[in-house]
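Visitor: Predicted structure and sequence below. I'll ask about it afterward.
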Amino acid sequence: MAKEQVFIFDTTLRDGEQVPGCQLNTIEKIEVARALEELGVDIIEAGFPISSPGDFNSVVEISKVITEPVICALTRAVKQDIEVAAESLKFAKRPRIHTGIGTSYYHIYHKLNSNPEAIVERGVEAVKYAKSFVEDVEFYAEDAGRSDNKYLARVIEAVIDAGATVVNIPDTTGYTLPDEYGKKIRYLKEHVRNIDRAIISTHCHNDLGMATANTMSGVINGARQVEVTINGIGERAGNTSLEEVAMILKSRKHLDLQTRINAKKIYRTSRLVSTLMRMPVQPNKAIVGRNAFAHSSGIHQDGVLKRRENYEIINPRTVGINESSILLTARSGRAALKHRLEKLGYSFTREALDRIYDKFLELADSKKEIVDEDLKVLAGSSARDIKRNLHLDHLQVLCGKGTTPVATVHIEWDGTTHSATAEGNGPVDASINAVKSILNKKVRIEEFLIQAITRGSDDLGKVHMQVEHKGVVYYGFSASTDIITASVEAFIDAMSQVVKLSGS
Ligand code: KIV
Ligand code: ZN
């Protein structure tokens, strides 16, 4: 059986753009419109032309460059709005005017100071007037979510008779529950005499976090157009998100419904909109959030590595994300660590991996997330650790403004622990003096370089050191979130070669 089509009406550039701080200039809007066309949306609501010259101009320019999707312009049920919208659409290959009026008790009496009869008339007049400019006219019954179903059916029947090709049933205030919204759509399907002459559209807001659920309930009950935005941006808590509905329809095959969305373009469109609108996507946002395909607990990581489907219902590649990410944190297990090390080209014996894992846990306790750069350091220093005959067991430093830095070190040297305390002109100098007093070798530090590996103040500090002894230069390296410890370890790393090569 052929799947039925659900039309995707994107209102990122109209309802989405109404969000404070998200305004785009015409060039940016054209870029988004092009991305939406590539994504495969059926209708682009390009703006509300009467609202500003900028909006008008954007609809004109978008109409010129977009060829496939219908270009839609919003109006109130006001003649001048409709005239301006028609003018803005004059270059559109497939223009649509989206006009409408409030149909709830609040809107009729407290916003429009009107009465139910007059509202039906205004709706009908608006549709007829829009129809004199374009063939494709969509009518919205604002606040339909809170409108009386019987009255709503009357309005919808009248505007379809007037020529509306699409009837939009907005849950403007995001008030309804999925069951209620679905029943409303079903009611209209069953009680509007001429409903088969128009497509029913959903337009849900997310005030109670129900936008996607309500939209889906509307679709299941007969709506065949969904009004959505990229990343769910929109007034207040936002609109229904395009990517969620598109992926529900794609992954829940039993619904026998399809869209024209090219899912592979979802992620990059989401990034584009987020960047241009300066509106970050919440990390746990379904489909496009940073964590949508990231696994952090040991059990889940192990499960995903055994078989992706154990913990993922969508392959991230389907939406244009290269692969699931295994976040390495203190809760990760050996399997995840081994997997990431292998991807970086390292392979270790079981014992070596155990050692790295211990170091990894130590580091993960002091740093929220371990990145590849950290792992390379852990893997490298672990290999050097094995070969060393000197190890720093303990380091305590007293320092700060107005005090003379003093350090106490405990070093394991060929299986025996040695301790010493020394002063210096700083914490590193004091610590190295203490180590020198144990090793009793005449050495000179020729180079001492400290570097932060990635970004924040919780980063690993990398230390490279060159130590000269009897004309020979020895190299030491270490990394730690504590740069004093890293400095002493780098010195010990170099000194372990001095001791080995020149005898203890
Ligand atoms: O939420 C709403 O009711 C709207 C209409 C103007 C379609 O955005
Ligand atoms: Zn809206």
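Guide: Alright, I've got the coordinates. In this text the structure is predicted, and so the values were computed from the model without any measurement. Ligands and ions are numbered 1, 2, ... in the order given.
Visitor: show me where pLDDT drops low in the stretch 51-200 of the chain?
Guide: Residues of the stretch 51-200 of the chain meeting the criterion pLDDT under 70: none.
Visitor: For the most centrally placed residue in the chain, which three-state class applies?
Guide: Relative to the mean C-alpha position of the chain, the nearest C-alpha, by C-alpha atoms, centre = their mean, is the one of Gly289, at 2.7 Å. When the structure is reduced to helix, strand and coil (DSSP: H, G, I helix; E, B strand; the rest coil), Gly289 reads as coil.
Visitor: go on, Gly476?
Guide: Using three-state DSSP, the three-state assignment for Gly476 comes out as strand.
Visitor: Could you check the pLDDT of it?
Guide: Each residue has a pLDDT score; the one for Gly476 is 82.
Visitor: Just give me the neighbour total for it.
Guide: Gly476 is flanked by 24 other residues according to other C-beta atoms under 10 Å. Every residue, glycine included, has its C-beta placed from N, CA and C.
Visitor: does it have beta-bridge partners, and which?
Guide: On DSSP bridges, the residues paired with Gly476 through beta bridges are Met465.
Visitor: Tell me if I'm right that it and Ile492 touch.
Guide: Yes: counting by C-beta atoms under 8 Å, Gly476 sits close enough to Ile492 to count as a contact (7.1 Å).
Visitor: Local confidence estimate at the residue nearest to Leu39 when sequence neighbours are not counted?
Guide: If the residues on either side of it in the chain are set aside, Leu39 comes closest to Lys265, at 4.6 Å by C-beta to C-beta, 6 or more residues apart in numbering. Turning to Lys265, the model gives it a pLDDT of 96.
Visitor: looking at this, Lys265 is in a helix?
Guide: Yes: Lys265 forms part of a helix when assessed by three-state DSSP.
Visitor: Distance-wise, check it relative to Val281.
Guide: As for Lys265, its distance to Val281 is 16 Å (criterion: C-beta to C-beta, to the nearest Å).
Visitor: same deal with Val134?
Guide: When distances are taken as C-beta to C-beta, Val134 and Val281 turn out to be 35 Å apart.
Visitor: likewise Val498?
Guide: The gap separating Val498 from Val281 is 53 Å, by C-beta to C-beta.
Visitor: Show me which residues of the stretch 1-150 of the chain are close to ligand 1?
Guide: Proximity of the stretch 1-150 of the chain to ligand 1 is confined to Asp15, Tyr140, Glu142 under the rule C-beta under 6 Å from any ligand atom.
Visitor: out of those residues, who has the most neighbours?
Guide: When those are compared by neighbour count (other C-beta under 10 Å), Tyr140 ends up highest, at 28 neighbours.
Visitor: How about it: what's its closest non-neighbour residue?
Guide: Spatial nearest neighbour of Tyr140, excluding adjacent residues (C-beta to C-beta, 6+ apart): Gly100 at 3.2 Å.
Visitor: and the one you found, how many residues sit next to it?
Guide: The local packing of Gly100 (other C-beta under 10 Å) involves 25 other residues.
Visitor: what residues are up against the residue nearest to the centre of the chain?
Guide: By C-beta atoms under 8 Å, 6 or more residues apart in numbering, the contact list for Gly289 reads Val281, Gln282, Pro283.
Visitor: Averaged pLDDT, the host helix or strand of Leu375. What do you get?
Guide: In the assignment (DSSP states H and E), Leu375 maps to helix 372-387. The pLDDT scores in helix 372-387 average 70.
Visitor: State the next helix or strand along the chain beyond it.
Guide: Per DSSP H and E, helix 372-387 leads on to strand 390-398 as the next helix or strand towards the C-terminus.
Visitor: can you list contacts of that following strand?
Guide: Applying C-beta under 8 Å, 6+ apart, the contact partners of strand 390-398 are 385, 405-413, 417, 427, 430-431, 439, 484-485, 488-489, 492, 495-496, 499.
Visitor: give me that answer again for 6 Å
Guide: 406-410, 412-413, 427, 484-485, 488-489, 492, 496 (C-beta atoms under 6 Å, 6 or more residues apart in numbering).
Visitor: Kindly report the same for stretch 458-472.
Guide: When contacts are defined by C-beta under 6 Å, 6+ apart, stretch 458-472 is touched by residues 367, 374, 443-453, 473-479, 481, 483, 486-487, 490-491, 494, 498.
Visitor: right, and Gly174 touches Asp207 too?
Guide: Yes: here Gly174 reaches Asp207: they are 3.0 Å apart, a contact under C-beta atoms under 6 Å.
Visitor: Next one: the residue nearest to the centre of the chain from ligand 1, what distance?
Guide: Shown here: Gly289 relative to ligand 1, a distance of 24 Å by C-beta to the nearest ligand atom, to the nearest Å.
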